[in-house]
Each structure stands twice: as C-alpha cells, then as structure tokens.
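**Q** Kindly generate the corresponding structure for this input.
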Amino acid sequence: MIRAGRRHLVRTLADLATGQGVRPHTYINAKHHLADGFPAPISSAGSRTRLYDARQVDAYLAGQPIPPLPTEDDDQDLLDRRECATALGISPRTWDKYKTTYPALTEHLATVGGVEHWPRSILHQYQAQRPVKATTTGRPTNTGDQVPRDQLLPRTAPLLDADPAISAAAVVEALGVHRDTAQDALTRLRAQRMADVMHTDATLTPEQAAATLGYPAGQVRRAAVRTQAILRARRMAPYLADVGQALHRAGWTATATVPEIHHPAIDVVVAVLALDGPQPPAPALVWDERHGWRTATSRRHPLTRGAVPPPSGDGVRYLADDTTPPPDALIAALSD
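**A** Next comes the predicted model:
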C-alpha cells in the first residue's frame, strides 16, 4: 500500500530506469530491481505493476541504510484492488464489481503509477453504508442461504470485527445462512487476518497471531492450517506473476494476467490461468503446489473436485518435474 503522505514518492520500474538513464526494457532485463538488498515493492504481492518508495530506492543507490516505512494504519493510506479486497474479505474479482457499483468508490479512485488505489477511509465508509441485518432468526427450514455468495464475507466481516470470539451459530442467527456456510466464512476471514499479522511479524505462529486478534484457541484450528496455505500463496505470488507475464509475451493470454489463487482444500494452494489468446496450447493452466503445472481441458472449470489432479491423457499434460520451473522452461514445455 501507499502510506499516507507518501504518494509523491511512488515510483514505477519505468521511473527507476529513467532516473538511472537507461531504457525501461533494459532495466527490467538486467533485473536491477531483483538485486540483493533492493527495497521491496510497496505494491501488493502479485500486482502486475511493481511500485516502489523513492526514498528507500535513493538510500539503496547511495549505499545508505534503507529507511523503514510507516507501520501504523492511517485513513489516508492508499490501497490497491487486492488490498481493498483483503480488507473486506472478498476476492479481487468481486472488488472489481463493487468499485463500479458504489458511487463513493468511483468518486475516490486514485490512480498512482498506473495502478488504481482507494483511501482506507472510503473502505470504512463503504462498510458503514452496508449495515448487517440482524433481525433474522437463522435460516428457514428447506431454504437456501439468505446471503449471496459474493456478499457472505463482506457481511460476516463486521460481525467478526465487533466480536472476535463470535461463533458460527451467531453468524447463522444474524445472516440466515447454513451453519457450515457460516463456519467456512469465519475460517476464511480469521485465516486471512492471521496471515496479515504474521506477514507483519514473521516470528509469530498462527496460534500467536490468533491470540493477538482475540480469537479463541478452540475456534482457529482450521484457520491456522489455512493461514499457512495463505502465506505460502503469498510467497509464490512473484513467481506466478512472472509466469503470467511470460505467457502473455508468448501470445497465449490477452493480457498479462496474474494466475488466480484458489484453496480447493483448506491446506492446498493452487493457481489457475485461462489461456484466452489466439491459438493457445491448452484452454487453461493449473499450478498445484504439490504437483506443479499441468494443462486443463476446460477454461471455465479447470479444477477437479477435492483438489485431486486428474490423470494424464485426454488433454491433461504435466509440464515439468519441478513444481516451480522457470517461466521460459514452462513456455518451452507448452510449445513442445
């Protein structure tokens, strides 16, 4: 995120290249930004456009200690789409729908370095304008959940904010959903927030992060497992983004899309990318942290039930022995 008062310090890779008197393409190919000790991007993990803080980069180039960024949240912090989605407990794709639907989000859009951002204060305002209806008495017999799937996490999040120890039964009472639906929403939200705490302090265990947030130990066993999967997914985000760029350069995707992360099982990380360019070698690609890359026969439904990879054959092909082959090697395997 862009911390409050630091918007004027944001630099893209193209800006850094210009500042050093080289062309952006040359700068990126030379991987100056990947050198040991180079400041980490301030953009969210997996972002297509990497953004950097100018003061940190200037200090690095001068051989001086890199100054730390502010750590306290501020209403004027600017969050990108992934960070906004995380704050609301929804997917980035759902956020893309919300940002064009609600006037406040449209009016306060700020584009920095070519990347859309929103002030943290507007997220608080957005949540306040969508109050939770707490007059229901659970889910009526023989009826479906009363909350649309894409609104489940945004409506559950305020309940968890108000009571970190809230039970699934209380969510059922407030929202009129099935108990399993409520439990899954709480697990996903708690895991996401525990992962955020551990990202800030890598010395913490999931259980310690849960205690920091006020979550009872008996309610976070499944969330602790999912937290570890979320952290593994975040560590893989730069690699997956590089693969997305390579596939786009090969002409197999219409845009340089980052593979979308899924958790088909609570302790498994997979990523999916539809190949929507002209004459792709397969409808889609799936990356599974256990088995690596494979092709998929369906662009709309590339994953199988239970996170079990399908056998080889019938359009399914595993592309490397290594789970994280270099992007160029993956392109070569697909071209073979």
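**Q** can you tell me which helix or strand the residue nearest to the spatial centre of the chain belongs to?
**A** With distances taken as CA atoms, centre = their mean, Arg82 lies nearest the centre of the chain, 5.4 Å away. Element membership for Arg82 (DSSP states H and E) is helix 81-88.
**Q** could you say what helices and strands that helix packs with?
**A** For helix 81-88, the packing partners by 3 or more CB pairs under 8 Å, 6 or more residues apart in numbering; DSSP states H and E come out as helix 92-101, helix 120-128, helix 149-162. C-beta here means a position set from N, CA and C on the backbone, and glycine is covered the same way.
**Q** Mind listing what's buried along the first one?
**A** For helix 92-101, the neighbour count (16 or more other CB atoms under 10 Å) marks 92, 94-95, 98-99 as buried.
**Q** One more: the last one?
**A** Applying a neighbour-count criterion of 16+ other CB under 10 Å, one finds 152-160 buried in helix 149-162.
**Q** What average pLDDT does that helix get?
**A** For helix 149-162, mean pLDDT rounds to 86.
**Q** angle of it against helix 81-88?
**A** For helix 149-162 against helix 81-88, the angle by axes from the mean of the first three to the mean of the last three CA atoms, to 10 degrees is 60 degrees.
**Q** Check which helices and strands the following helix or strand past helix 149-162 sits against.
**A** Once the chain leaves helix 149-162, the next helix or strand it forms, by DSSP H and E, is helix 168-175. Applying 3+ CB pairs under 8 Å, 6+ apart, we find helix 168-175 packed against helix 149-162, helix 179-200.
**Q** Run the angle between the shortest one and helix 92-101 for me.
**A** Meaning helix 149-162. When the same axes, to 10 degrees is applied, the directions of helix 149-162 and helix 92-101 differ by 90 degrees.
**Q** what's the domain layout of this structure?
**A** Following automatic domain parsing, one gets these domains for the chain: 1-118, 149-219, 234-335.
**Q** Give the rounded mean pLDDT of the longest one.
**A** In this case it means domain 1-118. 88.
**Q** what's the answer for the last one, then?
**A** Over the span of domain 234-335, the pLDDT mean works out to 88.
**Q** before we move on, what SS does the closest residue to Gly19 other than its chain neighbours have?
**A** Closest residue to Gly19 apart from its sequence neighbours, by CB to CB, 6 or more residues apart in numbering: Arg11 at 7.6 Å. State at Arg11, reduced to three classes by DSSP: H, G, I helix; E, B strand; the rest coil: strand.
**Q** In CSV, list the buried residues of helix 149-162 along with distance to Pro281.
**A** Converted to CSV, the buried residues of helix 149-162 look like this (distance: CB to CB, whole Å):
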residue, distance to Pro281
Leu152, 36
Leu153, 35
Pro154, 38
Arg155, 41
Thr156, 40
Ala157, 40
Pro158, 45
Leu159, 46
Leu160, 43
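**Q** Between these, which sits nearest Arg193?
**A** Leu160 (8.2 Å; CB to CB).
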